[in-house]
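**Student:** Structure here, sequence nowhere to be found:
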């Protein structure tokens, strides 16, 4: 692991295992609370170095890192697939976006504009004062990332943080630290000051509180469960927080929708990365008049999904991250049936693989609709009108993403305005994200925005300066 400016083996190690084969991929150190404190000590010095480095020079480092990432797409993809279980095709898609996120971050880090203040409009100030604002780095940033996108979700945090002139202590998911460590090596090769980044693999339960409660940390960026996000808010103290938390994303299908497009989008959006995406489709709210036709179209596409070895070109959906997670998702599907829903298609489990499932007749208030599943199944609920569909879509403590399928511009505009979600898509599912766009949720899905431009703003602070003549 890279801690306090050096690579170290730590005092103990653990295996990172392939979710499909359960074979060891590699071993990594288990960081301790002492390692976390050493990382923070060094990050304080790193933040000073970063702040005194020009934006031009920080940009140069990130652009070189982007070029290195482009050269290593295959290696990054193989590592992502091996430790996370996503198909090699999905992992390659993830790895191919790394260079672009670094380039976007590098540019936005050079655009820290301030603005002038019309102080002469203040009564009595006269013309003898001049005011303006400027932006400066937060200082020490803690980034805590999940397993499902071990490269992209790391880059969406550390790219903007480093570009803006901060030092970062990164806590990657315990099951997928290899990609993050590979990224650290790449950034160091590109010329990043070694004091500017530490990567701590290990237990979040031990490391998280040490990192989040330390008063030297000015900014925390976390992606994970709502429960952990709520805990962070309690221990963090006075800090800037960006929290991207849980979801139960709805998709509404109205009678005038293109059903083939809707079914294709849900099949992609509900089962990509085995449903382990916070903006995956979990709830489909379809008008009762077309429910049968929609289910026929969706079932055909879900039946075509092929599970198996992520490194096999024929596989289109890999395993869940662990057998324990597969057990949880399988149990949730079975419980939905006990609660009155119908397992329309799929849902069987073999090891860490859960067959893609369609569950129908799901009550909007049921656990299968309300709780985040994070697995390869969609809950189908019928609605009797546009008003009914919108009410069901908003009937959730979450608000990350939502989608609607309709040819009616009025209904599209209404949904865009009234859907209680931070990301709304018309004629596509929520599982679509441009790396440059602002991204974040409402309600229990958190607050703060990612996307390099938005994140750079989150990773800096605004200062007002007044010159008195």
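**Tutor:** Sure, I can see it. This one's a predicted model, so the numbers in the text were calculated from it and none came from an experiment.
**Student:** What residues sit buried inside the longest helix anywhere in the chain?
**Tutor:** Assignment by DSSP state H gives helix 33-52 as the longest helix of the chain. Using 16 or more other C-beta atoms under 10 Å as the test for burial, helix 33-52 gives 35, 36, 38, 39, 40, 42, 43, 45, 46, 47, 50. For glycine as for every other residue, the C-beta is placed from the backbone atoms N, C-alpha and C.
**Student:** need the contact list for the most centrally placed residue in the chain.
**Tutor:** By C-alpha atoms, centre = their mean, the chain has its centre lying nearest to residue 153, at 5.1 Å. By C-beta atoms under 8 Å, 6 or more residues apart in numbering, the contact list for residue 153 reads 145, 146, 223.
**Student:** Quick check, pLDDT for it.
**Tutor:** You'll see residue 153 listed with a pLDDT of 98.
**Student:** Remind me which helix or strand it belongs to.
**Tutor:** helix 152-163 (DSSP states H and E).
**Student:** what's the angle from the helix or strand just after that helix to helix 33-52?
**Tutor:** The first helix or strand that comes after helix 152-163 along the chain, using DSSP H and E, is strand 167-171. Angle, strand 167-171 to helix 33-52, by axes from the mean of the first three to the mean of the last three C-alpha atoms, to 10 degrees: 150 degrees.
**Student:** And the contacts of the helix or strand just after strand 167-171?
**Tutor:** Sequence-wise, the next helix or strand downstream of strand 167-171 (DSSP H and E) is helix 178-189. By C-beta under 8 Å, 6+ apart, the surrounding residues in contact with helix 178-189 are 1-2, 16, 25-26, 28, 61, 65, 68-69, 72, 75-76, 79-80, 82-83, 98, 145, 150-151, 154-155, 158, 162, 170, 172, 194, 197, 199, 201.
**Student:** Buried residues in helix 178-189, which are they?
**Tutor:** Those would be 178, 179, 180, 181, 182, 183, 184, 186, 187, 188, for helix 178-189 by 16+ other C-beta under 10 Å.
**Student:** Now do the fourth one against residue 321, distance only.
**Tutor:** I take that to be residue 181. 18 Å (C-beta to C-beta, to the nearest Å).
**Student:** quick one: the helices in the stretch 201-350 of the chain?
**Tutor:** 204-213, 226-235, 259-271, 291-303, 323-338 (DSSP state H, counting those that start in this stretch).
**Student:** Can you lay out those helices as a markdown table showing mean neighbour count?
**Tutor:** A markdown table is the format used below for the helices of the stretch 201-350 of the chain (neighbours: other C-beta atoms under 10 Å):
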| stretch | mean neighbour count |
| --- | --- |
| helix 204-213 | 19 |
| helix 226-235 | 16 |
| helix 259-271 | 22 |
| helix 291-303 | 17 |
| helix 323-338 | 17 |
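**Student:** ok, residue 315 - contacts?
**Tutor:** 87, 306, 307, 308, 309.
**Student:** Go ahead and confirm the second one touches residue 318.
**Tutor:** No - the pair residue 306 and residue 318 does not pass the contact test of C-beta atoms under 8 Å, sitting 10.3 Å apart.
**Student:** These two: who's more crowded?
**Tutor:** More crowded of residue 306 and residue 318, by other C-beta atoms under 10 Å: residue 318, with 29 against 12.
**Student:** For the residue lying closest to that one once chain neighbours are set aside, give me the pLDDT.
**Tutor:** The shortest distance from residue 318 to any non-neighbouring residue, by C-beta to C-beta, 6 or more residues apart in numbering, is to residue 310 (3.9 Å). With respect to pLDDT, residue 310 scores 97.
**Student:** ok, residue 310 to residue 83 distance?
**Tutor:** As for residue 310, its distance to residue 83 is 11 Å (criterion: C-beta to C-beta).
**Student:** Quick one: residues contacting the nearest residue to residue 210 once chain neighbours are set aside.
**Tutor:** In this structure, residue 210 finds its nearest non-sequential neighbour in residue 36, 4.3 Å apart by C-beta to C-beta, 6+ apart. The contact partners of residue 36, by C-beta under 8 Å, 6+ apart, come to 169, 200, 207, 210, 211.
**Student:** ok, those residues vs residue 338, which is closest?
**Tutor:** residue 207 (38.0 Å; C-beta to C-beta).
**Student:** was I right about that closest one contacting residue 171?
**Tutor:** Yes - using C-beta under 8 Å, residue 207 is in contact with residue 171, at 5.6 Å.
**Student:** residues shared between the contacts of these two?
**Tutor:** residue 200.
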